[in-house]
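Asker: Dropping a prediction and its sequence here:
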Amino acid sequence: MFRNHLPGVLAAAIMLGLSAPLAMAGSAAPLPVAAATPASATNPQGHDRFIVRYRDGSPQRQDKQHLVQSLQQVVARSGLAGGAGLSVRHVRSLALGGDVVEVSRPLDRVSAAALMRSIAADPAVTHVEPDIRLSHTGLRARISPAMVPDDELYADYQWHLHSATGGIRAPAAWDETGGEGVVVAVLDTGITDHEDLDGNVLEGYDFITDTFLSRRETDERVAGAHDYGDWNDDPTQCPVSPSSFHGTHVAGTVAETTGNGIGMAGVAHDARVLPVRVLGRCGGYLSDIADAVVWASGGSVADVPDNANPAEVINMSLSGAAACEAESTMQLAIDAAIANGTTVVVAAGNDNADAGGFTPASCANVVTVGATRIGGGRAGYSNYGSRVDLSGPGGGGSADGNPGGYVWQSINDSATAPELGTPTYGGMAGTSMAAPHVAGVVALVQSVAETPLAPDEMRALLKDTARPFPVEIPAGTPVGSGILDAQAAVAAVAAPCEGDECEPVPEATPITNRVPVTGLAGAVDEAQLFSIEVPAGASGLSFISYGGSGDVSLLVSFDAEPTTDAADFRSTRPGNNETIRIATPQAGTYYVKVVGVKAFAGVTLQARHN
């Protein structure tokens, strides 16, 4: 397996979810043969399944019995040790024309490459690659249900949604939309029952066709996308690990119910999640994932009913070491989804390496997402490079502590089957967590756009509206145009308000840079609102209060009136000495509210910037 770990471990049952789910085919040799990855990186037993694509009109394309006979002859001529005794069977045809075939015993890297070279020598073959077992890894941090009393977890834990430094400015976007009417497909481990998510989940589909991986009794694809758990206790198959319930966590980021008085919030909480199960115990096969991409976007897949809810956006929090080729099975599936008008969002990967060497991060026409920390800098594990379009909150793990080192969402606390556990909330870190933030914002944008954006238009919009990184990103490790900005993305397409529909401009008292406002006084819970215009290029914006008697708090938001429930910044220390600092402010209006925690008098407020 391709495994990715951040340094350090949190105490008290905090476990890090790095979510580097896929281990995929290695870099391609001269077409049409894809190089076989080391067996230890995908399946300890070696490669026993391959994807072969034949030319239109070829006998092998038209007759599967002829295909098997042809491949059996290739095996006999391949020169493999004992090749004459190696049998071939046809497993299934793919939605886009390839065929999955299986040999009777696993082949090591050298033997698999030799077989693929022999298959590729047939003029009727256009492409061949291993049908590698793909997998994600990740541990999780948990909160016990007793610590989940109400929506206070949003303010205390979900920095990734509301922090002005490391978050995506979701609350300001929610003033316009919650993503109504949009379907987001989450291709992952499936989904578990969770009261904070169930209402926004459509019936999906389980595309896993191997009973060992799926833990189901049939190798047929079936309706529903229940996550049976991906724990493994057999080290001969893949590394021993507990269940991740990764798909439930990712789906929660996209569309966890918001404003219901419990738990946490989701980016597009009025959208609907279409769960598509493609990863199980020890992962899932490339062929199944490719068919799932086609189906989720509205394409047809043999022996599977057409998707009644085609997705406007697909999220794939997957990454594996392979450059995405123009004729690879994954790229063809993505091409089909793009042609259907579906935006495809993918994780950049967690190997601290150039994303150009990973799939699906390097596939054409996808939105590739890197990961940032709570302070807005690149997460040390995040892949980087020119192929990364923008970044979203992924968390820095133990380096940033708890809860700020993790992205927090719905999860199950079982180490095995979800029925043995309890729905709760947990933190994970990784580009797997950054990608669904972007997918959720795509849903917000599409829900207010007068005409739905095409995938290339959406990718350009997300890059153009990303806000600048609040800290310097080293030139050698770029992670896109900036941090995802939900408010800016929605504002770029939202129709201008008219008449009574317009939100009133907050009534605030203007203040001037570096000029103190003195003698402020008020009763407990009384609030006074001020505003300052910050020019382009300003830096080091700060708000301070001091002096007098009583106790006040400061709340600050950009381009909106801050409230106790929704503020970009806040300072709530005892007494009147409050400070808020913004290293790289945006150009425009900042609003600052002085709130009486106790009755106050003689307080001074000042705003300063360079």
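Answerer: On my side now, so go ahead. The structure displayed is predicted, hence computed values, not measured ones.

Asker: Determine whether the claim that residue 456 is in a strand is correct.
Answerer: No - Residue 456 is assigned helix when assessed by DSSP: H, G, I helix; E, B strand; the rest coil, not a strand.

Asker: Please renumber the chain so that the first residue is 881 from this point on.
Answerer: Sure, I'll start numbering at 881, so the last one becomes residue 1336.

Asker: hang on, it packs against residue 1246?
Answerer: No - counting by Cβ atoms under 8 Å, residue 1336 does not reach residue 1246; the two are 10.8 Å apart. Where C-beta positions appear, they are placed from N, C-alpha and C, glycine not excepted.

Asker: Settle it for me: which of the two has more neighbours?
Answerer: Higher neighbour count among residue 1336 and residue 1246: residue 1246, with 25 against 11, using other Cβ atoms under 10 Å.

Asker: give me every residue that touches that one.
Answerer: Residues near residue 1246 by Cβ atoms under 8 Å, 6 or more residues apart in numbering: 1214, 1224, 1225, 1226, 1240.

Asker: and it, how far is that from residue 1157?
Answerer: To residue 1157, residue 1246 is 21 Å away according to Cβ to Cβ, to the nearest Å.

Asker: Let's check: the centremost residue of the chain is which one?
Answerer: In the chain, the centroid-proximal residue (Cα atoms, centre = their mean) is residue 1315; its distance is 2.4 Å.

Asker: Which neighbouring elements make contact with the host helix or strand of that residue?
Answerer: Using DSSP states H and E, residue 1315 sits in helix 1311-1328. When contacts are defined as 3 or more Cβ pairs under 8 Å, 6 or more residues apart in numbering; DSSP states H and E, helix 1311-1328 sits against strand 1063-1068, helix 1126-1135, strand 1193-1196, strand 1223-1227, strand 1247-1252, strand 1270-1273, helix 1335-1345, helix 1366-1371.

Asker: quick one, helices of this protein?
Answerer: 919-922, 939-942, 944-957, 989-1000, 1032-1037, 1039-1042, 1050-1054, 1091-1094, 1126-1135, 1166-1176, 1209-1219, 1311-1328, 1335-1345, 1366-1371 (DSSP state H).

Asker: Out of the ones you listed, which gets the lowest mean score?
Answerer: If the helices of the chain are sorted by mean pLDDT, helix 919-922 sits at the bottom with a mean of 41.

Asker: thinking again about what came up before, distance between the helix holding residue 1315 and the chain's centre?
Answerer: Its chain's C-alpha centre and that of helix 1311-1328 lie 8 Å apart, by Cα atoms, centre = their mean, to the nearest Å.

Asker: Stretch 1479-1490 now?
Answerer: From the chain centre to the centre of stretch 1479-1490 is a distance of 41 Å (Cα atoms, centre = their mean).

Asker: what's the answer for stretch 965-972, then?
Answerer: Chain-centre distance of stretch 965-972: 36 Å, with Cα atoms, centre = their mean.

Asker: before we move on, what about stretch 1386-1400?
Answerer: 41 Å.

Asker: Serialize the helices and strands packed on helix 1311-1328 to a markdown table and add fields for distance to residue 1085.
Answerer: Shown next, in a markdown table, are the helices and strands packed on helix 1311-1328 (distance: least, Cβ to Cβ, whole Å):
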| stretch | distance to residue 1085 |
| --- | --- |
| strand 1063-1068 | 10 |
| helix 1126-1135 | 13 |
| strand 1193-1196 | 13 |
| strand 1223-1227 | 18 |
| strand 1247-1252 | 23 |
| strand 1270-1273 | 27 |
| helix 1335-1345 | 22 |
| helix 1366-1371 | 29 |
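
Asker: out of these, which comes closest to residue 1387?
Answerer: helix 1366-1371 (21.3 Å; Cβ to Cβ).

Asker: which ones are touching the closest residue to residue 1252 other than its chain neighbours?
Answerer: Leaving aside its chain neighbours, residue 1252 sits nearest to residue 1271 (4.7 Å; criterion: Cβ to Cβ, 6 or more residues apart in numbering). Each residue near residue 1271 by Cβ under 8 Å, 6+ apart is listed here: 1249-1252, 1258, 1262, 1314, 1346, 1349, 1359-1360, 1362-1364.

Asker: what do you get for residue 1457?
Answerer: Contact analysis of residue 1457 by Cβ under 8 Å, 6+ apart lists 1424, 1425, 1426.

Asker: Wait, the residue nearest to the centre of the chain touches residue 1194, no?
Answerer: No - Residue 1315 is beyond contact range of residue 1194, at 10.4 Å (criterion: Cβ under 8 Å).

Asker: residues shared between the contacts of those two?
Answerer: Listed as contacting both residue 1315 and residue 1194 by Cβ under 8 Å, 6+ apart are residue 1225.

Asker: Where does pLDDT dip in the chain?
Answerer: The chain contains residues with pLDDT under 70 at 881-925, 961-964, 1014-1032, 1377-1383.

Asker: at 50 what do you get?
Answerer: Residue ranges of the chain with pLDDT under 50: 881-922, 1017-1019, 1022-1030.

Asker: so which of the contacts of residue 1457 is the most crowded?
Answerer: Of all the contacts of residue 1457, the highest neighbour tally under other Cβ under 10 Å goes to residue 1425, namely 24 neighbours.

Asker: Quick check: closest non-adjacent residue to it.
Answerer: Counting by Cβ to Cβ, 6+ apart, the residue nearest residue 1425 is residue 1458, at 4.6 Å.

Asker: What residues does that neighbour make contact with?
Answerer: Residue 1458 touches 1423, 1424, 1425, 1426, 1432, 1433, 1434, 1451, 1452, counting by Cβ under 8 Å, 6+ apart.

Asker: what's the spacing between it and residue 1035?
Answerer: For residue 1458, the distance to residue 1035 (Cβ to Cβ) stands at 18 Å.

Asker: Dump the contacts of residue 1246 to TSV, plus neighbour count and distance to residue 1190.
Answerer: Formatted as TSV, the contacts of residue 1246 follow (neighbours: other Cβ atoms under 10 Å; distance: Cβ to Cβ, whole Å):
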residue	neighbour count	distance to residue 1190
1214	28	15
1224	30	13
1225	31	16
1226	32	19
1240	29	19
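
Asker: which of these sit farthest apart?
Answerer: Farthest apart among the contacts of residue 1246 - using Cβ to Cβ - are 1214 and 1225, which lie 11.1 Å from each other.

Asker: CSV for the helices of the chain, including distance to residue 1445?
Answerer: Shown next, in CSV, are those (distance: least, Cβ to Cβ, whole Å):
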stretch, distance to residue 1445
helix 919-922, 47
helix 939-942, 60
helix 944-957, 61
helix 989-1000, 56
helix 1032-1037, 8
helix 1039-1042, 10
helix 1050-1054, 8
helix 1091-1094, 43
helix 1126-1135, 20
helix 1166-1176, 35
helix 1209-1219, 38
helix 1311-1328, 19
helix 1335-1345, 25
helix 1366-1371, 16
